[in-house]
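Chemist: pasting the structure only:
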């Protein structure tokens, strides 16, 4: 199995857990995201280890473990979602930073269920802010009759109780989704037509960064790579033109991890496709995953992750997570 950044497996305590979720049951256009996590890990071996903000080479003193991939052998979609929660739970206890590689964006609801047990979330997802980089709203009630479609990932996160959803890069959505963006006070959407405008984009982008900097409390970062312009990630499931530049996503990641009153407790990079004629798509995903890990390492070095460590002093009972199968 390839390891993240080609690093040797960490020894002892796990500081960063790289979790592969090769899940693909509801993709509605391009196929291949089940092979995405492995392709991302393989491409990551070619990523430079030095990070300028960190001023050091990764692993920068951290113990980074590439965990064996989740194996979804259950016969139904709901059982596979439950299986993902079980796979994720050991890594959401607050003593390490979990980074999930997907797989379709349908991995988000299981991640939210695992996040319930994080000591900063305290079993109440209303305490959690989700920052979503995406081309799509993912706020549909259902797609092709499936409420857990990848096109419904953000809607299911909100239905599970997430307190705040911040979206950027959005440029493909239905009437239903647009109405929810406008009508649900928990949602703040920065549309690509505004942030990417050649005339007024700078103003809207500054507002986005200011919004990130003002976040308080625990945060999950979900990066659907189709949030980037389709030219950068042509092998993702649904590439869309007019998206974010690589450096805008890079700046988003760094700004979020540097937010003085927020703690990024987990992250995912999803909808990774395998580009056969060029490694561009999977390498871009690997670069973003590396930026996330380096930004976490920098946050640790600045004491911005201390709140998570301090919350572990008290012994907490295990959280019994919601079963997707039982709640159908």
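Modeler: Happy to help now that I have it. Predicted, not measured: the structure shown is a model, and the values here were computed from it.

Chemist: When you work out contacts or count neighbours from here on, use the C-alpha atoms and nothing else.
Modeler: Fine.

Chemist: who touches the longest helix along the chain?
Modeler: Across the chain, the longest stretch assigned as helix under DSSP state H is helix 280-301. Helix 280-301 is contacted by residues 5, 16, 36, 39-41, 43-44, 47, 51, 53-54, 58, 60, 62, 97, 99, 225, 232-236, 249-250, 253-254, 257-258, 264, 267, 269, 272-275, 305-306 when judged by Cα atoms under 8 Å, 6 or more residues apart in numbering.

Chemist: What subset of the residues you listed is buried?
Modeler: Neighbour-count burial (16 or more other Cα atoms under 10 Å) applied to these gives 5, 16, 36, 39-41, 43-44, 47, 51, 54, 58, 60, 62, 97, 99, 225, 232-236, 249, 253-254, 257-258, 264, 267, 269, 272-275, 305.

Chemist: residues contacting residue 239?
Modeler: Per Cα under 8 Å, 6+ apart, neighbours of residue 239: 226, 229, 230, 233.

Chemist: Please apply the same query to residue 38.
Modeler: Contacts of residue 38 by Cα under 8 Å, 6+ apart are 2, 20.

Chemist: Now do the same for it: helix, strand or coil?
Modeler: Here residue 38 is helix, with the state taken from DSSP: H, G, I helix; E, B strand; the rest coil.

Chemist: Residue 161: how many residues sit nearby?
Modeler: 15 (other Cα atoms under 10 Å).

Chemist: Starting from residue 109, give me the distance back to it.
Modeler: Separation of residue 161 from residue 109 (Cα to Cα, to the nearest Å) stands at 11 Å.

Chemist: now swap in residue 229 and tell me
Modeler: The value you get for residue 229 to residue 109, if Cα to Cα is used, is 25 Å.

Chemist: and what of residue 223?
Modeler: 14 Å.

Chemist: one step back: quick one: which of residue 229 and residue 109 has more around it?
Modeler: When neighbours are counted by other Cα under 10 Å, residue 109 comes out ahead of the other of residue 229 and residue 109, with 26 against 20.

Chemist: which stretches of this protein have low pLDDT?
Modeler: Of all residues in the chain, those with pLDDT under 70 make up the ranges 25-33, 307, 309-321, 326-328.

Chemist: what are the ranges of the helices in it?
Modeler: Using DSSP H, the helices of the chain run over residues 36-44, 77-88, 108-115, 153-159, 175-183, 192-195, 201-213, 246-257, 280-301, 306-310.

Chemist: Go through those and name the closest to residue 132.
Modeler: helix 153-159 (8.3 Å; Cα to Cα).

Chemist: any idea how far residue 192 is from the residue of the chain most remote from its centre?
Modeler: Here the chain reaches farthest from its C-alpha mean at residue 199, the gap being 30.1 Å by Cα atoms, centre = their mean. In this view, residue 199 and residue 192 are 13 Å apart by Cα to Cα.

Chemist: ditto for residue 82
Modeler: From residue 82 to residue 192 the distance is 34 Å (Cα to Cα).

Chemist: Compute the inter-axis angle for the longest helix of the chain and helix 246-257.
Modeler: Calculated by axes from the mean of the first three to the mean of the last three Cα atoms, to 10 degrees, helix 280-301 forms an angle of 30 degrees with helix 246-257.

Chemist: just use 7 as the starting number from now, easier for me
Modeler: Sure, I'll start numbering at 7, so the last one becomes helix 286-307.

Chemist: Okay, buried residues for helix 286-307 please.
Modeler: Of the residues in helix 286-307, those buried (16+ other Cα under 10 Å) are 286-305.
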